[in-house]
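*Asks:* prediction below, plus the sequence it came from.
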2 protein chains.
Amino acid sequence: MANPNGRRRPGRPAGSSETKEKILLSARELFANNGFDRTSIRAVASAAGVDAALVHHYFGTKHQLFTAAIHIPIDPMDVLVPMRETPVDQLGRLLPTILLPLWDSELGAGLIATVRSLIAGSEVSLARSFLEEVITPEVGARVDTPPGTGTIRAQFVESQLMGVVMARYIVKVEPFASLPAEHIAVTIAPTLQRYLTGDLPDVLVP
Amino acid sequence: MANPNGRRRPGRPAGSSETKEKILLSARELFANNGFDRTSIRAVASAAGVDAALVHHYFGTKHQLFTAAIHIPIDPMDVLVPMRETPVDQLGRLLPTILLPLWDSELGAGLIATVRSLIAGSEVSLARSFLEEVITPEVGARVDTPPGTGTIRAQFVESQLMGVVMARYIVKVEPFASLPAEHIAVTIAPTLQRYLTGDLPDVLVP
């Protein structure tokens, strides 16, 4: 904060980048300790010593604050919004068709770096919160047929998608890692669709 | 090597544990730099300054040396031997039925720790070699129909299995992580079987 009168961007108060960092640090700590659902914007603001309105101003929704805090450079809404607008019987194809080009992109490289460091470190609980409290309920609510199966359907989908992340971007096993995104999408789509809306083994039906 | 006359185990030369460590260190370095296929027992022996026969004596086959070098506490033959004896149309069920109880076991905990540290570190190439040069050819040779598809069939199987490892043992997303092994095996079996012997998208057929 060299010059208290200098503004980095028009419309932003001086020292905004320090304040933002403080908010992100508080958010990261609270999300890691308490999970996504039990962390409020208000609690993050309070821990950072700022007003909740300022947190909203800088980061938008709690989803967006979460992705900023764990350094995911992609807004989950870029995936969740098209998902909500697609009939469930087409989601098996839609999900990898959106996700693979995203992961293959430059933004995706940042995402993969985040995944690697989350896996390696003690903050794997952040990845768990994200899957259990953001992704699973969102997907699960769409495919809860018969009732009580949505959660586990969503998590089998996550297992296949995480495996693609591992094989393609982290372990980089060839030729899998170099296949066109479209070839992977079209191959795993029937798997995802079966997990989403196909018959499940009896043992998984409550 | 405190006492050159003291033997730690009957039949083993004095100082064997230092020698074994030296061999493992050389093996790890050579496997990481050159991959599995291009690393010979002879080269490892030479780098460690010992006779190739001693490497065989301590570690058995090159597969066994590799798993010892990357601290995988499971002999791949425990999986590969039953696999070789099972008809391909039953492999989709066999693989998770063998692997999940293994991963769930105490030995598995060591394996998962290895996977995490390989992912995090600079030695992810060891995991890549293991998949590309040991697992993929072994599985791929069984399912190379139509010709030229075996490799990619095996790697789609690997992607689903790696995803289970991630979801269940590393991220530990619930309730997936707590499902009985059998429930996961029976749910992913049709996926694995489709990748192994089912119709592939035309784009994947040479």
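*Replies:* Thanks, I have it.

*Asks:* C-alpha from now on. contacts and neighbour counts both.
*Replies:* OK.

*Asks:* what about A:Lys172, how many neighbours?
*Replies:* 20 (other Cα atoms under 10 Å in any protein chain shown).

*Asks:* could you look up the SS state of it?
*Replies:* Recorded secondary structure, A:Lys172: coil (DSSP: H, G, I helix; E, B strand; the rest coil).

*Asks:* check which helix or strand the closest residue to it other than its chain neighbours maps to.
*Replies:* Excluding the flanking residues, the one nearest A:Lys172 by Cα to Cα, 6 or more residues apart in numbering or on different chains is B:Arg128, at 6.7 Å. Take DSSP states H and E as the rule and B:Arg128 turns out to sit in helix B:124-129.

*Asks:* what sits against the residue nearest to A:Lys172?
*Replies:* A:171-173 (Cα atoms under 8 Å, 6 or more residues apart in numbering or on different chains).

*Asks:* secondary structure element holding the residue in chain A positioned nearest to chain B?
*Replies:* Residue nearest to chain B within chain A: A:Gly163 (3.4 Å; Cα to the nearest Cα). Per DSSP H and E, A:Gly163 falls inside helix A:150-165.

*Asks:* other SSEs contacting that helix?
*Replies:* helix A:136-142, helix A:181-197, helix B:150-165 (3 or more Cα pairs under 8 Å, 6 or more residues apart in numbering or on different chains; DSSP states H and E).

*Asks:* residues contacting the worst-scoring helix or strand of chain A on mean pLDDT, please?
*Replies:* The helix or strand of chain A with the poorest confidence is helix A:106-120; it has a mean of 79 (mean pLDDT, DSSP states H and E). Residues from elsewhere that reach helix A:106-120 (Cα under 8 Å, 6+ apart): A:70-74, A:102-103, A:124, A:126-127, A:165, A:169-170, B:116-117, B:119-120, B:170-171.

*Asks:* from B:Met162, how far off is the closest residue in space to A:Glu132 that isn't next to it in sequence?
*Replies:* Computed as Cα to Cα, 6+ apart, the closest residue to A:Glu132 that is not its neighbour in sequence is B:Val173, at 6.3 Å. For B:Val173, the distance to B:Met162 (Cα to Cα, to the nearest Å) stands at 14 Å.

*Asks:* also A:Ala52?
*Replies:* Taken as Cα to Cα, the span from A:Ala52 to B:Met162 is 41 Å.

*Asks:* out of those two, which sits in the more crowded spot?
*Replies:* Taking other Cα under 10 Å, A:Ala52 and B:Met162 do not tie; B:Met162 has more neighbours (22 against 16).

*Asks:* give the contact list for that one.
*Replies:* Contacts of B:Met162 (Cα under 8 Å, 6+ apart): A:162-163, A:166-167.

*Asks:* mind checking pLDDT for it?
*Replies:* Per-residue pLDDT puts B:Met162 at 96.

*Asks:* could you give the angle of the helix holding A:Gly163 to helix A:106-120?
*Replies:* Angle, helix A:150-165 to helix A:106-120, by axes from the mean of the first three to the mean of the last three Cα atoms, to 10 degrees: 110 degrees.

*Asks:* how's chain A carved up into domains?
*Replies:* A:16-69, A:77-204 (automatic domain parsing).

*Asks:* turn these into CSV, columns for distance to B:Leu25.
*Replies:* What follows is the domains of chain A, written out as CSV (distance: least, Cα to Cα, whole Å):
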stretch, distance to B:Leu25
domain A:16-69, 37
domain A:77-204, 22
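
*Asks:* ok, A:Gly92 - contacts?
*Replies:* Contacts of A:Gly92 (Cα under 8 Å, 6+ apart): A:188-194, A:196.

*Asks:* secondary structure element for it, which one?
*Replies:* With DSSP H and E as the test, A:Gly92 turns up in helix A:91-104.
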